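Chemist: with the sequence up front, the predicted model follows.
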Amino acid sequence: MEAMALLRPEEMQGLERITADIQFRGGNFDEAVAIAETVVSDTSDSVADLTWLGQLLTRSGDNARAISLYQRAVELAPTEASAWLALVSLQAADGKTDEAADTLAKATAALASPDRELVAAQGDEVLGRYDQAEGTLRQATTATDGDAIQAGQVLASFLIRRGRLDDAEQELQTIVNAPTQKNRDRPVKLWARRTLAELLADRGTYRELEKAIALIDENGSDGGGLSPEDMSLQIRLLAARLEPACWRQAIERLDDLEDLQPLSLQQKLLEAQLLEKLGRWDEARSAYISLIGTSNPPPQVFAALIEKLIAHDELTTASMWLDRLEQQAEDAPITLALTAKLAVAQDDRETAVEAAKGLMPTETLPDERLGELRNTAMLMEDLGFSKAADQLWQDFAARSVDGVLGRAEFLGRQQQTAEAFDLIDAAWDQLPLERILQSGVVIARNEGGASLSEPTVTRLDGWFTKARRVDPGSVTLALLEAEFRDLEGRSSDVEAIYRDLMARDDLAVTQKAIVANNLAFHLAKPDTIDEAAALIESAISELGPHPDLLDTRGLVSLVKGEAEKSVEDLEEAVLVPTAAKYLHLAQAQLAGQQVAAARRSLEQGKKLGLEPERLSRSDRARLEQVEAALAAPIGA
């Protein structure tokens with residue numbers, strides 16, 4: 001006898017419900033409904049069954065039948081708040097606002113407090129009566145019957161949906177600080193800490209991230225340790241940062257999480273990506289290959305491995321895995337892109353061209369897919385197909401403000417400076433002012449030559465004069481102008497701009513820290529080194545060990561004669577690599593008598609586009625010193 005035949009009827013129903021739920025989670029809504037209808041009828045007396053089937057019907061698009069099920073549910077159980085709210089929400093979503101309003105009135109008459117207030121508020125929100133909803137929720141949070149925390153959760157969620165994040169933070173903090181009076185308060189407080197942590201981390205500063213991580217840690221303060229949900233949230237917040245120190249913490253927590261439960265495919269992929277970013281390539285490669293070998297992964301996992309293999313010049317292995325990817329998704333854009341990248345790395349231009357042709361759009365893309373034009377244009381440029389890239393940038397610029405600036409910067413990289421500036425001038429009134437100046441400085445930096453040309457200086461001078469009239473107090477414009485003056489070689493003007501900004505009392509703490517870093521970088525010279533050191537330490541104390549700040553501190557340490565400390569900071573800084581950072585590291589390694597390492601760093605900088613004409617005056621001087629010391633000039 002087969003094992004399935006041994007199941008009792010009620011057990012078979014349970015199995016079919018599980019199957020329906022699996023189909024539902026997989027997005028197969030019609031299949032889920034068909035299975036559900038074998039165990040639940042429209043005339044069922046079970047409110048739970050009716051609402052479950054109603055949810056499935058809603059997702060499959062059968063709103064009329066779902067509404068009838070919810071109506072039966074509230075008739076059977078008029079005190080079931082979730083059924084009332086589901087009915088109101090579905091009627092409103094179906095455009096039946098008058099019926100929804102009538103249903104809401106019946107619900108508030110049938111329900112007792114606190115369900116009455118919570119359903120009323122959420123129903124008012126669904127109907128667009130936001131002020132009324134908020135008033136009801138705020139009144140509910142003052143209740144003395146022990147349900148204030150639950151009302152606070154609904155209010156905080158409402159405020160987040162309305163985009164009022166500062167107000168939401170206050171409500172969440174109130175929940176976190178409130179005494180736990182009932183067993184059901186604890187999960188709400190756990191939720192509040194997680195939600196507040198996400199809002200804090202979204203502010204972007206390192207200090208707020210530290211507060212967020214500490215807040216989540218409080219969820220394990222009862223001695224039971226953090227739950228997998230809490231650990232997963234910490235991992236996600238840490239991995240999203242730019243500081244390598246955060247990546248290491250994320251890996252540690254992934255290891256801790258794996259002790260509790262198997263990692264998901266996404267978590268395993270994240271671990272491999274973090275290991276690679278930290279320079280632990282052998283471990284990362286093993287993690288990628290292990291992931292591919294054990295979990296039947298989607299094409300994106302193969303693609304991630306292949307891209308990193310190409311980046312690490314392991315072309316034969318990359319080719320092997322690309323063959324596997326082609327078996328899964330032969331004509332997919334990611335497969336074609338990697339085929340082209342690998343072919344370029346192997347000097348196989350014919351194959352690269354053929355693959356690149358397959359990536360070119362064959363029809364006009366809808367507005368919601370405009371980002372694909374940008375991504376493909378950038379890929380074509382990276383592959384060295386500038387004509388194809390320009391065609392895509394032209395299409396993108398014709399349909400998007402972002403495309404105008406993107407094409408202007410592309411033209412700048414192609415040494416077509418005047419054309420790039422003309423393009424921006426022609427669209428000036430359509431473009432955000434700060435974005436215009438940002439693109440202008442990028443274009444100027446890519447102009448080439450020992451110094452900026454007179455036409456470029458004249459054009460940007462005019463732009464900055466015009467911009468200051470429109471927004472004289474903009475911090476961003478001042479920072480961009482300092483960068484422009486540095487490209488001109490006007491060192492005293494750069495210093496004056498930064499000192500003027502530091503003297504202002506209207507800068508946010510983070511803005512002042514950014515200015516302090518920039519001024520410290522500029523003052524990293526023997527006669528101003530003490531001031532530079534104080535400035536960069538103040539910036540790091542506020543913004544944390546961001547790679548750009550570590551780059552500055554590494555240069556300050558180098559000028560102070562602390563080569564070992566300088567190398568330590570700069571090795572961390574290049575984990576978010578730029579050509580200039582590798583130049584700084586090479587200089588520090590030379591100071592520490594690490595000649596072979598310096599040569600490798602210089603070579604890595606060259607791969608990232610280290611060219612004298614694209615450097616600031618100070619970095620140009622550093623490059624000359626490093627080249628002289630290594631007797632290996634760029635291009636030799």
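Modeler: Nice, thanks for sending it over.
Chemist: which other helices and strands contact the helix or strand Glu537 falls within?
Modeler: When secondary structure is defined using DSSP states H and E, the element that contains Glu537 is helix 529-543. In this structure, helix 529-543 packs against helix 206-217, helix 509-522, helix 547-559, with contacts taken as 3 or more C-beta pairs under 8 Å, 6 or more residues apart in numbering; DSSP states H and E. C-beta coordinates here come from the backbone N, C-alpha and C atoms, glycine included.
Chemist: please identify the most buried of those helices.
Modeler: Stretch with highest mean neighbour count among the helices and strands packed on helix 529-543: helix 547-559 (a mean of 24; mean count of other C-beta atoms under 10 Å).
Chemist: ok, back up a step: pull the CA atoms of the helix holding Glu537 into PDB?
Modeler: What follows is helix 529-543, C-alpha atoms only, in PDB (Å, rounded to 0.1, in the frame of the first residue of the first chain):
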ATOM      1  CA  ILE A 529      50.200  68.300   8.800                       C
ATOM      2  CA  ASP A 530      49.100  68.700  12.400                       C
ATOM      3  CA  GLU A 531      45.900  70.500  11.300                       C
ATOM      4  CA  ALA A 532      45.300  67.900   8.700                       C
ATOM      5  CA  ALA A 533      45.600  65.100  11.300                       C
ATOM      6  CA  ALA A 534      43.100  66.700  13.600                       C
ATOM      7  CA  LEU A 535      40.700  67.300  10.800                       C
ATOM      8  CA  ILE A 536      40.700  63.700   9.500                       C
ATOM      9  CA  GLU A 537      40.400  62.200  13.000                       C
ATOM     10  CA  SER A 538      37.300  64.400  13.600                       C
ATOM     11  CA  ALA A 539      35.800  63.300  10.300                       C
ATOM     12  CA  ILE A 540      36.400  59.600  11.000                       C
ATOM     13  CA  SER A 541      34.900  59.900  14.500                       C
ATOM     14  CA  GLU A 542      31.700  61.100  12.900                       C
ATOM     15  CA  LEU A 543      31.600  59.200   9.600                       C
END
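Chemist: identify the residues contacting it?
Modeler: Defining contact as C-beta atoms under 8 Å, 6 or more residues apart in numbering, one finds that helix 529-543 is touched by 205-207, 509-510, 512-514, 516-517, 519-521, 523-525, 546, 549-550, 552-553, 556, 559-560.
Chemist: now that helix: buried residues?
Modeler: For helix 529-543, the neighbour count (16 or more other C-beta atoms under 10 Å) marks 529, 532-533, 535-536, 539-540, 542-543 as buried.
Chemist: columns mean pLDDT on top of the helices and strands packed on helix 529-543, output as CSV?
Modeler: Formatted as CSV, the helices and strands packed on helix 529-543 follow (pLDDT from 0 to 100):
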stretch, mean pLDDT
helix 206-217, 96
helix 509-522, 95
helix 547-559, 98
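Chemist: and those as a markdown table, adding distance to Gly403?
Modeler: A markdown table is the format used below for the helices and strands packed on helix 529-543 (distance: least, C-beta to C-beta, whole Å):
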| stretch | distance to Gly403 |
| --- | --- |
| helix 206-217 | 33 |
| helix 509-522 | 28 |
| helix 547-559 | 28 |
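Chemist: residue nearest the centroid of this structure?
Modeler: Centroid-nearest residue in the chain, with C-alpha atoms, centre = their mean: Ala240, separated by 6.3 Å.
Chemist: residues contacting the nearest residue to it once chain neighbours are set aside?
Modeler: Of all residues beyond its chain neighbours, the one nearest Ala240 is Ala201 (7.8 Å), with distances taken as C-beta to C-beta, 6 or more residues apart in numbering. Neighbouring residues of Ala201 by C-beta under 8 Å, 6+ apart: 208-209, 212, 237, 240.
Chemist: of those residues, closest to Gly371?
Modeler: Taking C-beta to C-beta as the measure, Ala240 is the one of the contacts of Ala201 closest to Gly371, at 19.9 Å.
Chemist: next one: the closest one from Gln71, what distance?
Modeler: Counting by C-beta to C-beta, to the nearest Å, the gap from Ala240 to Gln71 is 44 Å.
Chemist: then Glu271?
Modeler: Here Glu271 is placed at a distance of 49 Å from Gln71 (C-beta to C-beta).
Chemist: looking at the two, which is more packed in?
Modeler: For the pair Glu271 and Gln71, the greater number of neighbours falls to Glu271 (24 against 16), based on other C-beta atoms under 10 Å.
Chemist: what's the helix or strand for that one?
Modeler: Element membership of Glu271 [criterion: DSSP H and E] is helix 265-277.
Chemist: other residues contacting that helix?
Modeler: Judged by C-beta under 8 Å, 6+ apart, the contacts made with helix 265-277 from elsewhere in the structure are 232, 235, 239, 244, 247, 250-251, 254, 257, 263, 281, 283-284, 287-288, 290-291, 295, 297, 301, 304-305, 308, 575.
Chemist: now do the helices in the stretch 101-250 of the chain.
Modeler: Applying DSSP state H, counting those that start in this stretch to the stretch 101-250 of the chain gives helices spanning 115-126, 130-140, 148-161, 165-177, 185-202, 206-217, 228-239, 244-260.
Chemist: I'd like the ones you listed laid out as a markdown table, including distance to Gln604.
Modeler: Supplementary listing: those in a markdown table, determined by distance: least, C-beta to C-beta, whole Å:
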| stretch | distance to Gln604 |
| --- | --- |
| helix 115-126 | 54 |
| helix 130-140 | 54 |
| helix 148-161 | 44 |
| helix 165-177 | 41 |
| helix 185-202 | 31 |
| helix 206-217 | 27 |
| helix 228-239 | 24 |
| helix 244-260 | 16 |
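Chemist: from Leu104, how far out is the spatially closest residue to Val126 that is not a sequence neighbour?
Modeler: Computed as C-beta to C-beta, 6+ apart, the closest residue to Val126 that is not its neighbour in sequence is Ala92, at 4.7 Å. Spatial separation of Ala92 from Leu104 under the definition C-beta to C-beta is 9 Å.
Chemist: go on, Ala628?
Modeler: Ala628 sits 79 Å away from Leu104, going by C-beta to C-beta.
Chemist: same check on Ala240?
Modeler: Here Ala240 is placed at a distance of 40 Å from Leu104 (C-beta to C-beta).
Chemist: now for Leu523, how many residues are close by?
Modeler: Residue neighbour count, defined by other C-beta under 10 Å, stands at 22 for Leu523.
Chemist: pretty sure it contacts Val494?
Modeler: No. If you go by C-beta atoms under 8 Å, Leu523 and Val494 don't touch, sitting 10.2 Å apart.
Chemist: need the contact partners of stretch 455-464.
Modeler: Residues outside stretch 455-464 that contact it (C-beta under 8 Å, 6+ apart) are 417-418, 421, 436-437, 440-441, 443-444, 447, 477, 480-481, 484, 488.
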